[in-house]
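Peer 1: Next come a sequence and a model predicted from it.
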Amino acid sequence: MFNLRLKNRIAELNSELETFKRRINILEQENNRIRAILNSMVEGVIAVDKDTRILSLNPTAQSIFNISQEDALSKIFLEVFPNNDIAEVITQVLNRGELVSKELALVWPVQKVFQVNASPIFESAKISGCLLVIHDITEMRRLETMRRDFVANVSHELKTPLTSIKGFVETLLEGALDDRENSINFLKIINNHADRLNTLINDLLDLSHIESKEIILKKDKFNFAGLVNEVMLGFKSEAKKKEIEISYELPQGLEIIADKSKIEQVLTNLVNNAIKYNKEKGFVRIYSEQLAGKVRVVVEDSGSGIPAKDIPRIFERFYRVDKARSRQLGGTGLGLSIVKHIVELHSGSVGVESTEGLGSKFWFTIPR
C-alpha cells in the first residue's frame, strides 16, 4: 500500500515537473519574442524601476545615446543619461501613474529632437517603474523646416517680379501708354521680370524632377573636353563684355560615361556663375584631376570669393551669399542646388574651395 502511494506521488511529481517545464519553455519563448521585438524596433526603449534604476534598454536606445547595456544596467537614470528633461518625464509618470508624451529638443547627451512617450509599469496594482519609448524625429523636423523655408522662399521669389509687373501694368493703364518712350521702357522691364519668372519656374521644375529620384539618366560615353568646349563657346559673348579670359586645360582623350545633357547643365551653371560673379578683366579656368576611379573637374574663377560662414550652405536651395546682387544679375538661387543633385545622381560629389576676395574653385567628381 505504501509503495503504491509512493508510486502515485512520484507520478504526480513527474507530471507537475513536466507542466513546470512546459511553462518555463512558454515563458522563454515569450521572452525571446519580446526581446526580438525590442531589438528590431526603430524607437529606443528604456525601462526603469520606481527608483529610476535602469532595468533594460534596447539596441536602438544604446545607439541613440552611444552607451552599452553593461554601462547602463542597474544605474540611476541621471547617472547614465544626464538630461533633466527626460528625467522629469519619468518623475511625472512615477508620481501620477499616467502616460506622458512630450517632444524634447535635446542638446545633451546628443543634439537631436525626440518624441518621448512614457508609461507606468504596474505590479500588483502598484507603480513599479516606467517604460520610455524614444522616437528620433530630428530628420522629420529638419525636413519640415526645409519645406517651410522652401515655400517662403518660393513665395518671395515669385512675389517680387509679380509686384513689379503689376505696378508697371497699372501705370501703363493709368495713362503712361501715351508716353511712348516711357511705355517702351516699362514694357522692357515687364518683359525682363517675365523672363525671370520663366527662369525661376523652369529651375523649380528641374529641381523637383531631379529630387524626385524618378529621373532616368541616359548614360553614354563621350569626350568631356569636347563638351566643355561647346559650353565655353556659348559664353564667349558674355565673357567678352567683361573682358574675362576663359580657358580650359583638359586631356583631349578624356572620356566619361554619364548623361551628357545633365553634365552640360552642371557645367553651364558653374561657368555662368563664374562669369556672372567675376570681376572685370578676370579669368575662368576649367581643368581636371585624375583620382582613384573618378575624375575631378574644377571650375576656377577670379571673382570676389565666398565668406567662410557661407560655404557650408552654398549648395542649399535659394541660398545666396549676396541676395541683392544675385537677384540683380538674374540668379534664382537654385543653380548650385541643381548642380549638386545632378552630380549625386551620377554617384559623384560636389564642393567648393574659396577665400573671400581671392576667387573660388567649384568642383565635382564623376566616376570614370
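Peer 2: Nice, I can see it.
Peer 1: that's a strand at Trp363, yeah?
Peer 2: Yes. Assigned with DSSP: H, G, I helix; E, B strand; the rest coil, Trp363 falls within a strand.
Peer 1: what's around Phe224, how many residues?
Peer 2: 22 (other Cβ atoms under 10 Å). C-betas here are computed from N, CA, C, even on glycine.
Peer 1: cool, Leu233 as well?
Peer 2: Neighbours of Leu233 under the rule other Cβ under 10 Å: 10.
Peer 1: Please identify the helix or strand for it.
Peer 2: helix 224-234 (DSSP states H and E).
Peer 1: list the buried ones in the helix or strand just after that helix?
Peer 2: Using DSSP H and E, the helix or strand that follows helix 224-234 towards the C-terminus is helix 236-241. Neighbour counts over helix 236-241 (16 or more other Cβ atoms under 10 Å) mark Ala239 as buried.
Peer 1: how about the helices in the stretch 251-368 of the chain?
Peer 2: For the stretch 251-368 of the chain, the helices defined by DSSP state H, counting those that start in this stretch occupy 260-276, 323-328, 335-345.
Peer 1: Where among the ones you listed is average confidence lowest?
Peer 2: When the helices of the stretch 251-368 of the chain are compared on mean pLDDT, helix 323-328 scores lowest, with a mean of 53.
Peer 1: returning to what we had before: which elements pack onto the helix holding Leu233?
Peer 2: strand 245-249, helix 260-276, strand 283-291 (3 or more Cβ pairs under 8 Å, 6 or more residues apart in numbering; DSSP states H and E).
Peer 1: what's near enough to touch Val350?
Peer 2: By Cβ atoms under 8 Å, 6 or more residues apart in numbering, Val350 lies in contact with Phe315, Val339, Lys340, Val343, Glu344, Phe362, Trp363, Phe364, Thr365.
Peer 1: Neighbours of Arg5, how many?
Peer 2: The number of residues near Arg5, taken as other Cβ under 10 Å, comes to 9.
Peer 1: give me the element it is part of.
Peer 2: Using DSSP H and E, Arg5 falls in helix 2-40.
Peer 1: next one: phi and psi at the closest residue to Asn153 other than its chain neighbours?
Peer 2: Leaving out its chain neighbours, the residue that sits closest to Asn153 by Cβ to Cβ, 6 or more residues apart in numbering is Phe318, at 4.0 Å. Note on Phe318: its backbone torsions stand at phi 70, psi 10 [degrees, to the nearest 10].
Peer 1: Same check on Lys218?
Peer 2: When quoted as degrees, to the nearest 10, the phi and psi of Lys218 stand at phi -100, psi 90.
Peer 1: show me what contacts the closest residue in space to it that isn't next to it in sequence?
Peer 2: In space, Lys218 comes closest to Asp259 once its chain neighbours are excluded; the distance is 5.2 Å by Cβ to Cβ, 6+ apart. Each residue near Asp259 by Cβ under 8 Å, 6+ apart is listed here: Leu217, Lys218, Lys219, Asp220, His346.
Peer 1: 6 Å instead?
Peer 2: With contacts defined as Cβ atoms under 6 Å, 6 or more residues apart in numbering, Asp259 is in contact with Leu217, Lys218, Lys219.
Peer 1: from those, which single one is nearest Thr355?
Peer 2: Nearest to Thr355 among the contacts of Asp259, counting by Cβ to Cβ, is Leu217 at 34.4 Å.
Peer 1: give me the low-pLDDT residue ranges for the protein?
Peer 2: Residue ranges of the chain with pLDDT under 70: 1-4, 27, 31-32, 34-39, 109, 213, 322-331.
Peer 1: can you list the domains in it?
Peer 2: For the chain, automatic domain parsing gives the domain ranges 41-136, 138-215, 216-368.
Peer 1: Could you dump these into CSV with distance to Ile26 added?
Peer 2: Listed next are these as CSV, based on distance: least, Cβ to Cβ, whole Å:
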stretch, distance to Ile26
domain 41-136, 20
domain 138-215, 39
domain 216-368, 51
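Peer 1: and of those domains, who's closest to Ser15?
Peer 2: Set against Ser15 and scored by Cβ to Cβ, the domains of the chain come closest in domain 41-136, at 29.7 Å.
Peer 1: Next SSE downstream of the helix holding Arg5?
Peer 2: Following helix 2-40 in sequence, per DSSP H and E, is strand 44-49.
Peer 1: Out of the helices and strands packed on helix 224-234, which is the most enclosed?
Peer 2: Counting by mean count of other Cβ atoms under 10 Å, helix 260-276 has the highest mean neighbour count of the helices and strands packed on helix 224-234, with a mean of 21.
Peer 1: which secondary structure elements does that one contact?
Peer 2: Contact here means 3 or more Cβ pairs under 6 Å, 6 or more residues apart in numbering; DSSP states H and E; on that basis helix 260-276 packs against helix 224-234, strand 294-301, helix 335-345.
Peer 1: For the second one, list the C-alpha coordinates in PDB.
Peer 2: Read it as strand 294-301. Taking Å, rounded to 0.1, in the frame of the first residue of the first chain, the C-alpha atoms of strand 294-301 are listed here in PDB:
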ATOM      1  CA  LYS A 294      36.900  59.000 -60.900                       C
ATOM      2  CA  VAL A 295      37.700  62.400 -62.500                       C
ATOM      3  CA  ARG A 296      37.500  65.700 -60.600                       C
ATOM      4  CA  VAL A 297      36.500  68.700 -62.600                       C
ATOM      5  CA  VAL A 298      37.400  72.200 -61.300                       C
ATOM      6  CA  VAL A 299      35.800  75.500 -62.400                       C
ATOM      7  CA  GLU A 300      38.100  78.300 -61.000                       C
ATOM      8  CA  ASP A 301      37.300  82.000 -61.200                       C
END
